[in-house]
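[1] Coordinates only, no sequence provided:
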């Protein structure tokens, strides 16, 4: 009786594992279908309908036919996101440094006091 319960539990774990893998692949393919710029709207709709009505077969055929482009599109999106993040960081960091430098020039010229400089510096760094 114990062996039957353990094998049932083990079988359930295996089934759940493959279901999770299947759904991860399915969502990845659906995202890739919408991300593609080289396919028309009709072609995307046909792929989605094929995957909807024949899920496993549609998924496997899509991966065989378009599998090479999935990784390329994903890498391109990651590079684009990284470039946008780098630009944002440079803009934010550069803006603060410029504001502090201008405030320092005003302090050196005697236009503002040390307290006003500290206030401007804190505002630029916030």
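    Happy to help now that I have it. In this text, all values refer to a predicted model and were calculated from it rather than measured experimentally.
[2] tell me which element residue 51 is part of?
    The secondary structure element spanning residue 51 is helix 41-53 (assigned by DSSP states H and E).
[3] For the chain, which segments count as helices?
    With DSSP state H as the definition, the chain shows helices at residue ranges 2-35, 41-53, 55-109, 114-125.
[4] With mean neighbour count and mean pLDDT as extra columns, can I get those helices in TSV?
    All C-beta atoms are positioned from the backbone trio N, CA, C, and that covers glycine. As requested, those are exported to TSV (neighbours: other C-beta atoms under 10 Å; pLDDT from 0 to 100):
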stretch	mean neighbour count	mean pLDDT
helix 2-35	11	91
helix 41-53	13	94
helix 55-109	12	86
helix 114-125	13	85
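[5] For residue 69, list the residues it contacts.
    Shown in contact with residue 69 (C-beta atoms under 8 Å, 6 or more residues apart in numbering): 32, 36.
[6] Tell me how far residue 42 lies from residue 48.
    Relative to residue 48, residue 42 is positioned 11 Å away (C-beta to C-beta, to the nearest Å).
[7] try residue 33
    For residue 33, the distance to residue 48 under the criterion C-beta to C-beta works out to 6 Å.
[8] go on, residue 121?
    Taking C-beta to C-beta as the criterion, residue 121 is separated from residue 48 by 55 Å.
[9] likewise residue 67?
    As judged by C-beta to C-beta, residue 67 and residue 48 stand 17 Å apart.
[10] With residue 41 instead?
    From residue 41 to residue 48 the distance is 11 Å (C-beta to C-beta).
[11] Need the residue closest to the centroid of the chain.
    Note on the chain: the residue nearest the mean C-alpha position is residue 78, at 6.8 Å, using C-alpha atoms, centre = their mean.
[12] quick one: pLDDT of residue 1?
    What the model reports as pLDDT for residue 1 is 50.
[13] quick one, phi/psi of the residue located most distally from the centre of the chain?
    In the chain, the residue that sits farthest from the middle, by C-alpha atoms, centre = their mean, is residue 110; the gap is 48.8 Å. Comment: the main-chain dihedrals of residue 110 come out as phi 90, psi 10, following degrees, to the nearest 10.
[14] Show the contacting residues for it.
    By C-beta under 8 Å, 6+ apart, no residues touch residue 110.
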